[in-house]
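S.K.: Generate a structure from the sequence data that follows.
(one chain, ligands or ions: 2)
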Amino acid sequence: MLSIQDATDCLVIIDVQNDFCPGGALAVPDGDAVVPAINSLSSRFGHRVLTQDWHPAGHLSFASSHPGKAPYATATLDYGEQVLWPDHCVQGTPGAAFHEALSTLGCELVLRKGFRREIDSYSAFYENDRKTPTGLSGYLGTRGFKRLFMCGLATDFCVAYSALDARREGFEVYVLDDACRAIDLEGSLANAWQQMQDAGAERMNTALLK
Ligand code: VGL
Ligand code: ZN
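M.R.: Ligands and ions are numbered 1, 2, ... in the order given. Below you'll find the model as predicted:
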C-alpha cells in the first residue's frame with residue numbers, strides 16, 4: 001500500500017480525449033475504460049492536471065500530410081523517425097475534446113501539446129525532438145510536487161514518454177497500469193514497460209493506493 005500525500009503528489013491524466021476512445025479517429029482498444037478508474041482516482045488526490053493532444057490541421061504527424069503514406073507507417077522528419085497517425089485531436093474538433101464522462105472540474109492545469117505543425121509531442125514534458133520543453137516540468141516543480149502518478153492514453157506512447165521524461169526531470173513516477181490503455185504497435189507496449197522499468201518508473205495497480 002502507498003498513501004497519497006496531498007501536498008506533494010499530483011495525478012497526471014494523459015490525453016483522455018474522444019479520438020483515443022472507441023469510435024474516435026485513433027481509437028485505443030478499450031480506451032474509454034480508463035474513465036471510471038480515473039474519476040475515482042481524481043477524487044482521492046489532492047491535486048491533478050490534464051494533458052490534451054492538440055494538433056493544428058495538417059500536422060506533420062498525420063499520414064495525410066505525407067502523400068503516398070498510410071497511417072501507422074513511419075516517416076523521417078527533421079528530428080528523426082515518426083509514426084504517422086490518422087488525423088486526430090485537431091484543435092477545436094469534437095475528437096480533441098475530453099471524454100464527456102471524464103471529471104475535469106477539479107483539474108488545476110490543462111497542458112496542451114503537439115500544437116507545432118512540424119513537431120509531434122507524445123510527452124507532456126518535451127516534444128518529439130526531445131529538446132523543446134512544454135514548461136510542465138517547471139510548473140510541477142514550482143508547485144512543489146515530488147511524486148507524479150500517471151494514467152490515461154496511450155500507455156505505450158504519451159503515457160510512457162511522459163513517464164520517462166518525468167524521471168529525467170527528477171520526479172518520482174508511478175504508472176497506474178489499470179488506469180491506462182495501450183495502442184500496442186509491433187511490440188510497443190512491452191518495449192514501453194521495459195523502458196519505464198529501466199528508468200525507475202514504477203508500475204502500480206490503483207488498488208495499492210490509499
Ligand atoms: C498519442 C499517438 C499520437 C497518445 C497522441 O496520446 O498516446 N498517440 N498522438
Ligand atoms: Zn497526437
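S.K.: Dump the longest strand that the chain contains to PDB, restricted to CA.
M.R.: If you go by DSSP state E, the chain has its longest strand at strand 172-181. Extracted C-alpha coordinates of strand 172-181, given in PDB (Å, rounded to 0.1, in the frame of the first residue of the first chain):
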ATOM      1  CA  GLU A 172       9.300  10.000  -8.700                       C
ATOM      2  CA  VAL A 173       7.000   8.300 -11.100                       C
ATOM      3  CA  TYR A 174       4.200   5.800 -10.700                       C
ATOM      4  CA  VAL A 175       2.300   4.500 -13.700                       C
ATOM      5  CA  LEU A 176      -1.100   3.300 -12.800                       C
ATOM      6  CA  ASP A 177      -1.500   0.400 -15.200                       C
ATOM      7  CA  ASP A 178      -5.200  -0.400 -14.700                       C
ATOM      8  CA  ALA A 179      -6.000   3.300 -15.400                       C
ATOM      9  CA  CYS A 180      -4.100   3.200 -18.800                       C
ATOM     10  CA  ARG A 181      -4.800   1.500 -22.100                       C
END
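S.K.: quick one: contacts for residue 4?
M.R.: By C-beta atoms under 8 Å, 6 or more residues apart in numbering, residue 4 lies in contact with 44-46, 209-210. (Each C-beta comes from the backbone N, C-alpha and C, glycine too.)
S.K.: In the residues you listed, find the pair that's most separated.
M.R.: 46 and 210 (13.7 Å; C-beta to C-beta).
S.K.: show me the contacts for residue 37.
M.R.: Residue 37 neighbours (C-beta under 8 Å, 6+ apart): 151, 176, 178-179, 206.
S.K.: got the contact list for the residue of the chain found nearest ligand 2?
M.R.: As assessed by C-beta to the ion, ligand 2 sits closest to residue 53 within the chain, at 4.2 Å. For residue 53, the contact set (C-beta under 8 Å, 6+ apart) comprises 15, 17, 19-20, 88-89, 96, 113-114, 158.
S.K.: Apart from its neighbours in sequence, what residue is nearest it?
M.R.: residue 89 (4.0 Å; C-beta to C-beta, 6 or more residues apart in numbering).
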